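Asker: Pasting a predicted model and its sequence here:
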Protein chains: 2
Amino acid sequence: MLNDFPLTLKKLNLKITPKRLAILEILMKESVYLSPGEVWKKMKKRFKRIGLPTVYRNLEELSEGNIISEVTHPNRQLYYYFCQNRSHHHHFICLSCRKVEDINFCGLNELEKEVTKKIKGKLLSHIMQVNGFCRHCLNKKEKYFDS
Amino acid sequence: MLNDFPLTLKKLNLKITPKRLAILEILMKESVYLSPGEVWKKMKKRFKRIGLPTVYRNLEELSEGNIISEVTHPNRQLYYYFCQNRSHHHHFICLSCRKVEDINFCGLNELEKEVTKKIKGKLLSHIMQVNGFCRHCLNKKEKYFDS
DNA sequence: TAATTAAATAGAAATAATTTTCATTTAAAT
DNA sequence: ATTTAAATGAAAATTATTTCTATTTAATTA
């Protein structure tokens, strides 16, 4: 998977830079979603000089290229997650441990007809995300449960 | 509708303050979603002294009470919208004029079974929102189309 | 392989968004 | 009218994001 990155970046007309690859690697190895600031902290361990704008820019580009995807957390920050599944899908996110699991079922197809009929406009995108606690956290009763 | 506000607030154990009512009124009369900063600007026209934290606090409380609801805009700010429909539903938002239309169909019920089966955790909430251009903006070819 | 060029980056600073703290005011219960 | 807890303003702190510009670097070309 890691070996595919250069090719993938090339397709998106993004240069293959060590930092870009490192960001991808970090997100891929984490099984949880990270905020730009968190990615930056991890990057600083590898590169003495790495600017926050670089992280923001890359996350945005990679997200536009659908290599990573965005997750909306109730605390209103945006987070990024490395997407195993590059095709259209949605996410279950664990509010406790931040784990993301792909949902490969999209009820939006049926909805689309309904909405188009009603709106009579143009549908461009949609956000669908299910929030909860994963099985593991449910048993451990961590974090959110304590407070 | 406006007359119902005091009762509604009472049910939520929120005091009926002029500012709280004004925020509700502003959101109700706008047919588009507004950011906290925008609500604040409108409030300043009515109240010479109104702090931004007051607006933030109120929007959050009202949103928790389900009197208004949140909308996620691609530019990553949160916006608020006065909800005609207090029961469970979703939104179509126009990326051009910011109009919000309720979608009274929720494909999540079916999805829920699928997800629960796969996740084996606890589902708490979900976000579903359809983004696009409304019929009106599609004809006018405004804003987003120009650039 | 060296030269070229356009994209990527650092660094600093600006801007924007959100939250905290605390003293004061006010709604509503008594 | 008095009391009390919630709501508010003001100022500041914090956090998040973007902009700008000079420099560096990846990748193309000669």
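Answerer: Thanks, I have it. Residues are numbered from 1 along each chain as shown, chains lettered A, B, ... in the order given.
Asker: who's in contact with the residue in chain A that chain B sits nearest to?
Answerer: Chain A approaches chain B most closely through residue A:107 (2.7 Å), counting by C-beta to the nearest C-beta. For the C-beta atoms, the positions are set from N, CA and C on the backbone; glycine is no exception. Contact analysis of residue A:107 by C-beta atoms under 8 Å, 6 or more residues apart in numbering or on different chains lists A:128, B:107-108, B:110-111.
Asker: DNA strand C versus that one, what's the distance?
Answerer: With distances taken as C-beta to the nearest atom of the strand, to the nearest Å, residue A:107 is found 29 Å from DNA strand C.
Asker: Of the contacts of residue A:107, which fall within the contact range of DNA strand D?
Answerer: The subset of the contacts of residue A:107 within reach of DNA strand D, by C-beta under 7 Å from any atom of the strand, is empty.
Asker: Report whether the lowest-mean-pLDDT helix or strand in chain A contacts DNA strand C.
Answerer: Ranked by mean pLDDT, DSSP states H and E, the weakest helix or strand in chain A is strand A:78-82, scoring a mean of 80. No - against DNA strand C, strand A:78-82 shows no contacts by C-beta under 7 Å from any atom of the strand, the least distance being 10.5 Å.
Asker: And the contacts of residue A:107, which is closest to DNA strand C?
Answerer: Nearest to DNA strand C among the contacts of residue A:107: residue A:128, at 21.4 Å, using C-beta to the nearest atom of the strand.
Asker: Save the contacts of residue A:107 as CSV, and put in distance to residue B:66, pLDDT and secondary structure too.
Answerer: Shown next, in CSV, are these (distance: C-beta to C-beta, whole Å; pLDDT from 0 to 100; DSSP: H, G, I helix; E, B strand; the rest coil):
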residue, distance to residue B:66, pLDDT, secondary structure
A:128, 20, 86, strand
B:107, 21, 73, coil
B:108, 17, 76, helix
B:110, 24, 77, helix
B:111, 22, 79, helix
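Asker: Phi, psi for the spatially closest residue to the residue of chain A closest to chain B that is not a sequence neighbour please.
Answerer: Once flanking residues are discounted, residue A:107 sits nearest to residue B:107: 2.7 Å by C-beta to C-beta, 6 or more residues apart in numbering or on different chains. Backbone torsions of residue B:107, given as degrees, to the nearest 10, read phi -80, psi 0.
Asker: Chain A: strands as residue ranges?
Answerer: Taking DSSP state E as the criterion, chain A carries its strands at A:68-72, A:78-82, A:90-94, A:100-103, A:122-133.
Asker: With respect to burial, which of the ones you listed scores highest?
Answerer: Mean neighbour count (mean count of other C-beta atoms under 10 Å in any protein chain shown) peaks for strand A:90-94 among the strands of chain A, with a mean of 24.
Asker: what angle do that strand and strand A:68-72 make?
Answerer: 60 degrees (axes from the mean of the first three to the mean of the last three C-alpha atoms, to 10 degrees).
Asker: Alpha carbons only: can I get strand A:90-94 in CSV?
Answerer: Provided in CSV are the C-alpha atoms of strand A:90-94 (Å, rounded to 0.1, in the frame of the first residue of the first chain):
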residue,chain,number,x,y,z
HIS,A,90,-19.2,6.7,4.4
HIS,A,91,-17.9,6.4,7.8
PHE,A,92,-18.7,5.3,11.3
ILE,A,93,-16.5,7.2,13.7
CYS,A,94,-16.0,6.3,17.4
